[in-house]
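J.: What follows is a predicted protein model with its sequence.
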Amino acid sequence: MGRVINISNKLDREPRFLIIDEKHKYKVDCTKNAMLKVMALENGDDLEQINEILKILLGNEAIKQIEDMNLPFDNWVTIMKAAMAVAMNKDLEDIEDDFRTDTEE
């Protein structure tokens with residue numbers, strides 16, 4: 001018999017969530033297709049890009065609810081970074097470091 005490598009214990013199939021506050025919890029789409037769409041967008045603090053990334057990761061209903069919160073722009077950036085962290089199974093601090101590095105280049 002040929003070589004067998006079992007990776008079943010390395011695959012994470014549990015849903016991932018972003019919690020903004022006690023009333024707002026969103027399932028994050030961390031599928032390959034969603035992440036390819038996100039990666040195709042340029043990094044930046046442009047509101048249009050942030051909305052598009054959040055739409056891909058959280059869905060239109062979540063965007064509407066977040067818009068209804070009337071949050072400052074920097075909070076939108078934080079939510080987008082947190083959604084990316086959840087989707088990529090990273091710590092928020094790692095994602096923030098990645099953004100700092102990208103903007104410094």
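T.: Noted; the coordinates are in hand.
J.: pLDDT score for L92?
T.: Per-residue confidence for L92 comes out at a pLDDT of 94.
J.: can you tell me the helix or strand for the closest residue to it other than its chain neighbours?
T.: The spatially closest residue to L92, leaving aside those adjacent along the chain, is A85, at 4.6 Å (CB to CB, 6 or more residues apart in numbering). Glycine gets a C-beta too; all of them are placed from N, C-alpha and C. Under the criterion of DSSP states H and E, A85 resides in helix 73-88.
J.: Three-state assignment for L18, please.
T.: strand (DSSP: H, G, I helix; E, B strand; the rest coil).
J.: Now do it against V4, distance only.
T.: 37 Å (CB to CB, to the nearest Å).
J.: out of these two, which sits in the more crowded spot?
T.: L18 (20 against 5; other CB atoms under 10 Å).
J.: Please name the bridge partners of that one.
T.: Counting by DSSP bridges, L18 forms beta bridges with Y26.
J.: Hmm, L58 and it touching each other?
T.: Yes. Contact criterion CB atoms under 8 Å: L18 and L58 qualify, at 6.9 Å.
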